[in-house]
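S.K.: next input, structure requested:
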Amino acid sequence: MPTDPEELSRGSSKALDDRVLSMLIGLQGRIAFSGLRRVLHAHPESLSRALRRLEREGRIERSSNGYRAVGDRLSSAAGAPPELRRIAQVSLPPGTLASSVLGQLSGRWFGSLRWVGVVDGPSGRLLAWARRDGEGYVMLGIQQGALRVYVRGEGSGDDEGEAEDSAYELLTHAVDALRAPFPGRMGSVTFFAGGWDSAGPLSDN
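M.R.: Numbers count the residues shown, from 1 in each chain. Model prediction:
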């Protein structure tokens, strides 16, 4: 086990680099600095140094929208998207542009939910927020004229209940944020508690 301070520091830096890269590969999107910091529980200065190292090495790229993984490792590691469970949805007024709605919600904090970033999918974008403890995500997207809220499907027990509570919280705040541009025109809310969205948010079925 290394005892030299410099060696320990290098080991700690590499571990954070690996965690950052793993998160960016897993989410396959553009993740905000604040989202990385919250989910990884990383010190801001340590995270900044890790991001600079990874950017210099050509393993990530930075833009005004956040950070994303690039390169061969992303291609080899990218498999099937994580299984997502649809919790609830609300229909949008006919003719509503998805880009306009997502643009109004992107980057915002809602209650206890903290902005993470944008996850790219074959059928469009999913916006991601970190849950209270930073241990899980709640995602929001638009499919077939409805605003849909999802959680990852691996939760169980208390974690599953907290994930659902966070999803309801997100939908409530999102609808409130959209009432101004669409006064009196938001559709009915449908809940899917305990059920799985077999098509998934990345499908047009």
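
S.K.: excluding its backbone neighbours, what's nearest residue 16?
M.R.: In space, and not counting its chain neighbours, residue 16 is closest to residue 50: 4.7 Å by C-beta to C-beta, 6 or more residues apart in numbering. Glycine gets a C-beta too; all of them are placed from N, C-alpha and C.

S.K.: same question, residue 60
M.R.: Spatial nearest neighbour of residue 60, chain neighbours left out: residue 54 (4.5 Å); criterion: C-beta to C-beta, 6+ apart.

S.K.: how about that neighbour, secondary structure?
M.R.: With DSSP: H, G, I helix; E, B strand; the rest coil as the basis, residue 54 sits in helix.

S.K.: ok so, going back, how close does the residue nearest to residue 16 sit to residue 128?
M.R.: Going from residue 50 to residue 128 by C-beta to C-beta, to the nearest Å gives 20 Å.

S.K.: can you classify residue 17 as helix, strand or coil?
M.R.: For residue 17, the assignment made with three-state DSSP gives helix.

S.K.: the nearest residue to it once chain neighbours are set aside: what's it in contact with?
M.R.: Of all residues not flanking residue 17 in the chain, residue 50 sits nearest, at 5.0 Å (C-beta to C-beta, 6+ apart). For residue 50, the contact set (C-beta atoms under 8 Å, 6 or more residues apart in numbering) comprises 13, 16, 17, 20, 42.

S.K.: if you set the cut-off to 6 Å instead, what comes out?
M.R.: 16, 17, 20 (C-beta atoms under 6 Å, 6 or more residues apart in numbering).

S.K.: if we ignore the residues flanking it in sequence, what's nearest residue 142?
M.R.: Distances taken as C-beta to C-beta, 6+ apart put residue 98 closest to residue 142, at 4.2 Å, once the chain neighbours are dropped.

S.K.: quick check: the one you found vs residue 141, distance?
M.R.: 8 Å.

S.K.: pLDDT on the strand or helix carrying residue 174, on average?
M.R.: In this structure, residue 174 sits in helix 157-179 according to DSSP states H and E. The average pLDDT for helix 157-179 rounds to 80.

S.K.: now do the SS call for the residue nearest to residue 16.
M.R.: helix.

S.K.: okay, it and residue 141: tell me how far apart.
M.R.: Counting by C-beta to C-beta, the gap from residue 50 to residue 141 is 29 Å.

S.K.: swap in residue 110?
M.R.: Remark: distance between residue 110 and residue 141 (C-beta to C-beta) = 15 Å.

S.K.: and what of residue 16?
M.R.: For residue 16 relative to residue 141 (C-beta to C-beta), the value is 30 Å.

S.K.: check whether residue 130 really touches residue 112, as I assumed.
M.R.: No: applying C-beta atoms under 6 Å as the test, residue 130 and residue 112 come out as separate, 9.4 Å apart.

S.K.: of those two, which one has the most company?
M.R.: More neighbours surround residue 130 than the other of residue 130 and residue 112, with 24 against 14 (other C-beta atoms under 10 Å).
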